[in-house]
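Visitor: Sequence and predicted model, in that order:
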Amino acid sequence: MTIRIRTVAALSGAALLAAGLTTLAPAATATTATGATPHRVLFDNSKAETAGNADWIISTSQPDPLAQNANPTTEKSWTGALSAWGVALQKTGQYSLKTLPSGSTITYGTGGALDLANFDTFVVPEPNIRFSAAEKTAIMKFVQNGGGLFLVSDHNNSDRNNDGWDSPKIINDLLTSNGVNNNDPFGFSVDLLNITTDNPRAVNDAADPVLHGPFGTVTGSILRNGTTFTLKPADNPSVKGLVYRTGYSGNTGAFFVTSTFGSGRVAIWGDSSPIDDGTGQSGNTLYNGWDDPAGTDAALALNATAWLSKA
């Protein structure tokens, strides 16, 4: 895969703040004497992503998975049910990965090392704690100013930590009460459903960069207790369903959706089963959806990450 080099250098978040700028765009990828700076991806673990049987982390070494294994070769090189995702990106040499650890706060423009302004893409895999008001604003500003947001929902009543909030409710709350745009900013909402099983199929669109991207061609996905999305193109005409539940099309039954907001990009998936690689911390019941032959889930996750990161 060819590395694309962006030539715009960026001030750090702290420097921009010192200069009196209150709205920060994600720092641009800069060229160096040794080549291009990798696309920077931050995986969230601040919202109980390991509650219950979930293990939605790329590594137990946080924030830096390279501290567990600096040269990962397989999904077992790092510990976490998302390790296959992380290792696949790491092996390209084009991505720099970090995790926002449990107990952290999502920020944008504070100058901190794990502030969203230091990343190109933010992955939130099945959040189980509601975003605070400040965190919702931070996420929306990040996207509005050019960042990529990858959301993964699960089915209705999937509250793994029993705090009264599950991922469909949390994501819908982000979309309707965020302090930036509360009027369906991405053009979709999460359906409050629990669909037991299906093998959703991809639409026929040879030009779509997520369905036909650097990591392969997407033909479909798997749905094992998940949900779908309702599209609202009147609210955001860029919204697009890429993968649909069997028997559905158009604005209903979308299982994987992309959109844009401001100068940023958004993707959302209706189930956490496809991102589960079957490996992780002991004591969890995990399944290998990543390599399930009924879908092309690895290609979908990786192509979407590349698209969100503007790779």
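Guide: Structure's in. What do you need? Numbering: from 1, shown residues only.
Visitor: what residues does stretch 175-191 touch?
Guide: 133, 136-137, 139-141, 144, 153, 156, 167-168, 171-172, 227-233, 235-239, 254, 257, 259, 261, 266, 268, 270 (C-beta atoms under 8 Å, 6 or more residues apart in numbering). For every residue, glycine as well, the C-beta is placed using N, CA and C.
Visitor: what distance separates that stretch from the middle of the whole chain?
Guide: With C-alpha atoms, centre = their mean, to the nearest Å as the basis, stretch 175-191 stands 17 Å off its chain's centre.
Visitor: Which positions in that stretch come out as buried?
Guide: Buried residues in stretch 175-191, counted by 16 or more other C-beta atoms under 10 Å: 175, 178, 181, 185-191.
Visitor: ditto for stretch 286-306
Guide: The neighbour-count criterion (16+ other C-beta under 10 Å) identifies 286, 289-290, 292, 294-306 as the buried residues of stretch 286-306.
Visitor: just stretch 254-267 next, same as before
Guide: Quick answer for stretch 254-267 (16+ other C-beta under 10 Å): 254-262, 264-267.
Visitor: who's in contact with the most centrally placed residue in the chain?
Guide: Closest residue to the average C-alpha location of the chain: residue 150 at 2.3 Å, with C-alpha atoms, centre = their mean. Residue 150 makes contact with 121-124, 266-268, 304-305, 308, according to C-beta under 8 Å, 6+ apart.
Visitor: circling back: narrow the buried residues of stretch 175-191 to those in helices?
Guide: residue 175 (DSSP state H).
Visitor: Looking at the buried residues of stretch 175-191, which is nearest residue 113?
Guide: For the buried residues of stretch 175-191, the closest approach to residue 113 (C-beta to C-beta) belongs to residue 178, at 24.3 Å.
Visitor: Tell me where the model's unsure across the stretch 201-311 of the chain.
Guide: Within the stretch 201-311 of the chain, not a single segment meets pLDDT under 70.
Visitor: Let me see the ranges of the strands in it.
Guide: Ranges of strands within the stretch 201-311 of the chain are 201-202, 212-213, 216-217, 223-226, 229-231, 240-244, 254-261, 264-269, based on DSSP state E, counting those that start in this stretch.
Visitor: which residues touch the second one?
Guide: The set of residues that contact strand 212-213 without belonging to it, under C-beta under 8 Å, 6+ apart, is 206, 218, 299, 302-304, 306-307.
Visitor: again, 10 Å this time
Guide: If you take C-beta atoms under 10 Å, 6 or more residues apart in numbering as the criterion, strand 212-213 is touched by 1, 202, 205-206, 218, 299-300, 302-307, 311.
Visitor: The fourth one now?
Guide: Strand 223-226 is contacted by residues 152-156, 158, 168, 191, 193-200, 243, 245-246, 255, 269-274, 276, 287, 289, 292, 294-295 when judged by C-beta under 10 Å, 6+ apart.
Visitor: can the strands of the stretch 201-311 of the chain go into JSON lines with extra columns for distance to residue 43?
Guide: Shown next, in JSON lines, are the strands of the stretch 201-311 of the chain (distance: least, C-beta to C-beta, whole Å):
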{"stretch": "strand 201-202", "distance to residue 43": "24"}
{"stretch": "strand 212-213", "distance to residue 43": "19"}
{"stretch": "strand 216-217", "distance to residue 43": "21"}
{"stretch": "strand 223-226", "distance to residue 43": "20"}
{"stretch": "strand 229-231", "distance to residue 43": "22"}
{"stretch": "strand 240-244", "distance to residue 43": "22"}
{"stretch": "strand 254-261", "distance to residue 43": "18"}
{"stretch": "strand 264-269", "distance to residue 43": "14"}
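Visitor: wait, which of the ones you listed is closest to residue 63?
Guide: strand 264-269 (22.3 Å).
Visitor: Return the closest one as PDB; C-alpha atoms alone will do.
Guide: Extracted C-alpha coordinates of strand 264-269, given in PDB (Å, rounded to 0.1, in the frame of the first residue of the first chain):
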ATOM      1  CA  GLY A 264     -14.800  15.400   9.300                       C
ATOM      2  CA  ARG A 265     -16.100  11.800   8.700                       C
ATOM      3  CA  VAL A 266     -18.200   9.400  10.600                       C
ATOM      4  CA  ALA A 267     -18.800   5.600  10.400                       C
ATOM      5  CA  ILE A 268     -21.100   3.500  12.600                       C
ATOM      6  CA  TRP A 269     -21.600  -0.300  12.800                       C
END
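Visitor: which helices and strands sit right next to that strand?
Guide: strand 121-125, helix 133-144, strand 148-152, strand 188-190, strand 240-244, strand 254-261, helix 297-308 (3 or more C-beta pairs under 10 Å, 6 or more residues apart in numbering; DSSP states H and E).
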